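> Sequence plus predicted model, see below.
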Amino acid sequence: MKDMRQRTDVPHGTLGLMVLKTLDVLGPLNGYAIARRIEQISGDLLAVNQGTLYPVLLKLEQEGAIESEWGTSENNRRARFYRMSRAGRKLLQAETRDWEQTTAMLGRFFELTAEDLT
Amino acid sequence: MRILRRFLARAANFVTQRDDLRLREEMEEHLREQATEYVRAGMPRDEARRQAVLKFGAVESVREKYHAEQGLPLLEELARDIRFASRLLSRSPGFTIAAVITLGLGVGVNASVFSLIYAMGIRYLPVKDSASLVSIYQQYRGQVHARGVYGSPYYLSYPEYANYRDRNSTFSGLAAYAETGFALGGTDPQPVSGQLVSCNYFSVLGDEFSVGRGFNSDDCRASAAPAAILSYRFWRSHYGESRSVIGNTLTLNGQTVTVTGVAPAGFSGTELQVPDVWVPVTAAPQLLPITFGSRDWLALGNVSWLQVIGHLKPGISRRAAQSELSVLARQMDAIYPGRQTVVIINAGSFVNNPEERADGLWIGVAVFMLGALVLTMACTNLANLLLSRGARRQPELVTRLALGATRRRLLTQLLTENMLLSALGGLAGVAVMLWLTHVIAHVLPGMPSGPLPLDLTPNFATLLFALVATLTAALLSGVAPALQATGPNLLTALKEGGAAAGHGRRRARLRDLLVIAQVAGCALLLVLAGLLARGLRRTEIIAPGFATQSVYVLSFDLSERGYDGTRALEFERKLRERLGAFSGTGGVATSTVLPGISADLTGVTIPGRDQPEEEVLANYVSADYFRTMEIPILRGHGFTGEEFHAGGPLPALVSTAMAQRFWPAENPLGKEFLAGKNRRYQVLGIVPNVSTLHLGQEDGPLFYGLIADTGAAADAKMFLRVNGDASSAVSAIPAVVRQIDPNVTVTTESYQQILSEQLQPARRGAILVSALGLLALVLAVVGVTGVVSLATSQRVREICIRIAFGARRHDVLVLLLSQGVKLVAIGLVAGLALAAGSAVLLASNGLLFGVSPIDPVVFLGTASLFFCSAVSSMLFPALRAIRVDPVVALRYE
């Protein structure tokens, strides 16, 4: 149980960021399509517990970062499509910058050797 | 911004109770697409569906998270808890009613006290533009020249008032008034309350009349026939609202006044005692009962008798007005070298005299403490109720815990229940407040002129106070029982089974502590209430230190008849001789002031000592004053009559307070002092402190001089003390006066009646405080009964075993009672000790009016009253317990 959780729980807030990036690159998608893309790109991360995507989508929508409406899926069925909003684009830019800074900084720390500190 | 948007969306969903239909549809579509993809990859249809579901994860968990994100889970939980709690409360109405009443009483009493204090000390006077209305008082520094006081030393004289009124630039109007009582009617006079008011009084305060008009400048000429304005209430009760009242005449203190107008229905003036009649201040010489050397009140520059109120001009602060009036006061001070007048400006509320405000603060604090104690008692009761309820509900809680509820969840639920209960209690409290304040303002006895003019409608401040009191009560009473009920020993209780659940030692100890605290608090409250009530009562029966019973006060119109000091002295001497010759006369004497109501203030210095002048009280009397008023002479001797023309220093008797103030380490007898600048006195003897200035308050330093040495005899009062039947002596007085001078008229009044009007506030206070004490007693008895009956019912099994094994019922009864009695005794001792401590504190602030802080009557009375009611309240459940048939009870268990 504990094992599974470690493997599937997405770091806090990153799932939302992935959704935003996916929508930004690929345009409007339904829930299943978003899940598939994230799975493809992130490997195992969303291989199980795909359902956790839906509360995150709702949160982003309630925050105004994405919008949704009913549409028709590839196999001609009713599906909910999610689309980036202007606020979401801004949010994505800000978050991306934050992550880049953080990872850059951490990267420097990981490269650190004993000699660098003496 | 994002967070706000999210919150608004969630709140909207919460309100509209949105469901998760959309999610279910999306999930279904998701699974279908996933399954389709698996099928395309070659999986059998059933297996594809199964794998899709697996990959999706726990559907219920997703739905739960989705739901939590959609709405406001905390609020939803709360709503559920409230629904649950209200169901529970309505299922045990007995408990709910008891709790709500207890809380309602506690909160209501406190809120009432608060709204009374608020209405008297904070809320603006109920007049037009009250926000800009201020009151003006004076205080003196430095050398005080002999100043007469009628009412309070902080009041102003008429020239002082006129100086401020005519020369200020910060007020749009300044009005003055003096409270006084009148005797209405000629033959069988009735007391009515009245005010002498400046001519502009009504124009400053609104200038509206039900009928007629206000005072005009003709009414306010000194030579004018006095005019009068009636209160609406008086108009209704005496004239049936007849509009033809204008022009009618009334007889006040023997003077004829003409009605010119009737005040509007809502107008109650500026004092708690609503006047029946307003008369122009120019009528003071004819109407005021006492005089200070001269009847010409308007010319007396150094007598405190007028209260002043005024409207500040727009934009003027109290500070600016104060500094302007201080400059004007300096010009008055120039007449009295060495004196500095301090002008005090307070916002216009009922209690605005600095003296009253200082006293009122202490009384307010004392009553508040009593109120807080009552609330604490109510909380303890509620805590006990909740505690025993928690014990009875333990099986339910244990079951819920076993079924997976978290401790936090149970705790929130219990607290919600408690909050709901408190909300009901708070509402009950507001109802109690509305009722109680109404009772206090309208129904309490002793107001001749109707209800107190207080605006007691609830406002933001009083409701906020009630809310805070309720929340405090809820927290105080609810948290400990809730923690206890959900405590970590809950699961062990499950193993022991429901019967033993309430038996935890910690729980028992907490309950014992509560009982002790409650008994202690109640004892404290009862003792304080007893002491205060006794103190207040004392002002009524014993206090003043001089005789009031069977004493009659005779007033004459000597100055109007052209008497000067010497002739008046002669007149009074003759009258005293003749009245003294009556068989029933206990004594007859003259005095310049009415002790208990007024006194003179004089600056005193000691020759040869380099000390600033000090302000002391003075009373000028005839030689036999002390015998007549039954004031003992402690050391030295009284006035003998031989000093009259001795030429040396004038004779004086000083009070113990004065002796201690000026000659603490010496023998005061024979010492000399200067009163004012020019009169040299020598101390003949020492008399005890009495209450000359205010009833119920012992005077500071005071000396008595002979009236013959002052020239004020024309305005003196005569006191006649009668032994036995007074009516024949009193009815003979006019004839005796006529024999001496047929032109002089005399008015005779019972001294006690004059003084009793001064005691109304004290009497009301005593009733209020006793009521609080009784309320506390009821709460405490209810609480103790509840606890003991619970403790007893939990011991039924033990009792039955004891009885089954042959214990006598009598022994079991003793066993059961001894436990409760022990708790009550501990609590009582603690409470009495606390009470003694607080009483010493109260006594040092002069609030006990001379009652000893460890007054044995109050302490023993409280202890026995409490003990009896506590033991009898325990007896009932104990007797019930030992009557239980052991076989039945054990089988049930």
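Happy to help now that I have it.

> How far does the longest helix anywhere in chain A sit from its chain's centre?
Longest helix of chain A, by residue count under DSSP state H: helix A:86-111. Put simply, helix A:86-111 sits 13 Å off its chain's centre (C-alpha atoms, centre = their mean, to the nearest Å).

> What helices and strands are in contact with that helix?
helix A:14-26 (3 or more C-beta pairs under 8 Å, 6 or more residues apart in numbering or on different chains; DSSP states H and E). In this view, the C-beta of every residue, glycine as well, is placed from N, C-alpha and C.

> Pull out the buried positions in the longest helix of chain A.
A:87-88, A:91-92, A:95 (16 or more other C-beta atoms under 10 Å in any protein chain shown).

> ok, and what's touching stretch B:478-486?
Under the criterion C-beta atoms under 8 Å, 6 or more residues apart in numbering or on different chains, residues B:382-383, B:386-387, B:389-391, B:393-394, B:397, B:401, B:407, B:410-411, B:414-415, B:418-419, B:422, B:506-507, B:510 lie in contact with stretch B:478-486.

> Now, those that are in helices?
Checked against DSSP H, the contacts of stretch B:478-486 include these in helices: B:382-383, B:386-387, B:389-391, B:393-394, B:397, B:401, B:407, B:410-411, B:414-415, B:418-419, B:422, B:506-507, B:510.

> In ChimeraX, how would I select the buried members of those residues?
One line in ChimeraX is enough to select the buried members of those, burial here meaning 16+ other C-beta under 10 Å:
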select /B:382,383,386,387,389,390,391,393,394,397,401,410,414,415,418,419,422,507,510
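
> Could I get the CA-only coordinates of stretch B:415-428 as PDB?
Output in PDB follows, covering the C-alpha atoms of stretch B:415-428 (Å, rounded to 0.1, in the frame of the first residue of the first chain):
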ATOM      1  CA  LEU B 415     -18.500  21.100  20.500                       C
ATOM      2  CA  THR B 416     -21.000  21.800  17.800                       C
ATOM      3  CA  GLU B 417     -23.700  20.400  20.000                       C
ATOM      4  CA  ASN B 418     -22.400  22.700  22.700                       C
ATOM      5  CA  MET B 419     -22.300  25.700  20.400                       C
ATOM      6  CA  LEU B 420     -25.900  25.000  19.400                       C
ATOM      7  CA  LEU B 421     -26.900  24.800  23.000                       C
ATOM      8  CA  SER B 422     -25.100  28.100  23.700                       C
ATOM      9  CA  ALA B 423     -26.800  29.800  20.800                       C
ATOM     10  CA  LEU B 424     -30.100  28.900  22.300                       C
ATOM     11  CA  GLY B 425     -28.900  29.900  25.700                       C
ATOM     12  CA  GLY B 426     -27.700  33.200  24.200                       C
ATOM     13  CA  LEU B 427     -31.100  33.900  22.700                       C
ATOM     14  CA  ALA B 428     -32.700  33.100  26.000                       C
END
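
> For that stretch, which outside residues touch it?
Contact with stretch B:415-428 is made by B:78, B:81-82, B:84-86, B:88-89, B:96, B:99-104, B:106-108, B:382, B:386, B:466-467, B:469-471, B:473-474, B:477-479, B:482, as judged by C-beta under 8 Å, 6+ apart.

> What's the PyMOL syntax to select whichever of those residues are buried?
Listed next is the PyMOL selection for buried residues among these, using 16+ other C-beta under 10 Å:
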select buried, chain B and resi 81+82+85+86+88+89+96+99+100+101+102+103+104+106+107+108+382+386+466+467+469+470+473+474+477+478+479+482
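
> before we move on, the earlier item: what's the angle from the longest helix of chain A to helix A:14-26?
Going by axes from the mean of the first three to the mean of the last three C-alpha atoms, to 10 degrees, helix A:86-111 is angled at 120 degrees with respect to helix A:14-26.
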